[in-house]
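> turn this into a model:
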Amino acid sequence: MALEFIRGLGRRKTASARVRLAKGSGKITVNGKDYTEYFPIVFWQQKVVAPLEVVGKQKDFDISVKVSGSGVNAQAEAVRHGITRALLIFDEGLKPLLKAQGFTTRDSRAKERKKPGRHGARRGHQWRKR
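Just a heads-up that it's a prediction; the model follows:
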C-alpha cells in the first residue's frame, strides 16, 4: 500500500466524524469539499484546525473527513475530536498539549429524552386554576 493513513473517530451529540490523516501539505477535506466550504463560518473553521495549530502541524498532514449526523457546530467539534485522536495515534507525546486545551475529552452532553406525561424532558404541565 503506497499511502499510509492514521484513523481517528470523533463524536459530539449525534455527529460522528471519521478522520484519515496522511503525510501531505495541509489540505483538509470534509465530505468531499474543502473544509472552508463545508464550514462557512470562521468560528467553525477555527474549531477544525485548532488541534493542528496547538501542536504546530498545520502543513504536515492531508486530512480527509467523513462526517454525518447532528448540526454543523456539533460536526465541527466531532471533526476536532477525530483529528485529536488521530494525532495521538501518530505521536503520543502530543497528549499534554492537546489535553491542556481540552481536545482529548469527548463532550458527552446530548439532548435529554422527553418523558411521558410531560411537555419536554423536564417541563411539566402548566397549572390552571379554572
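
> use CA for all of it now, contacts and neighbours both
OK.

> now do the strands in the protein.
Counting by DSSP state E, the chain has these strands, from start to end: 6-12, 15-23, 28-30, 33-34, 61-68.

> can you redo these as JSON lines with mean neighbour count, mean pLDDT and distance to F43?
Compiled in JSON lines, the strands of the chain are given as follows (neighbours: other C-alpha atoms under 10 Å; pLDDT from 0 to 100; distance: least, C-alpha to C-alpha, whole Å):
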{"stretch": "strand 6-12", "mean neighbour count": "22", "mean pLDDT": "95", "distance to F43": "17"}
{"stretch": "strand 15-23", "mean neighbour count": "22", "mean pLDDT": "96", "distance to F43": "18"}
{"stretch": "strand 28-30", "mean neighbour count": "20", "mean pLDDT": "96", "distance to F43": "16"}
{"stretch": "strand 33-34", "mean neighbour count": "13", "mean pLDDT": "96", "distance to F43": "16"}
{"stretch": "strand 61-68", "mean neighbour count": "20", "mean pLDDT": "96", "distance to F43": "18"}
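
> okay, the ones you listed in a markdown table with distance to Q101 next?
Formatted as a markdown table, the strands of the chain follow (distance: least, C-alpha to C-alpha, whole Å):
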| stretch | distance to Q101 |
| --- | --- |
| strand 6-12 | 16 |
| strand 15-23 | 20 |
| strand 28-30 | 21 |
| strand 33-34 | 25 |
| strand 61-68 | 20 |
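
> E4 contacts F61, correct?
No: counting by C-alpha atoms under 8 Å, F61 is not a contact partner of E4; they are 11.5 Å apart.

> spit out the residues that contact those two alike.
A22 (C-alpha atoms under 8 Å, 6 or more residues apart in numbering).
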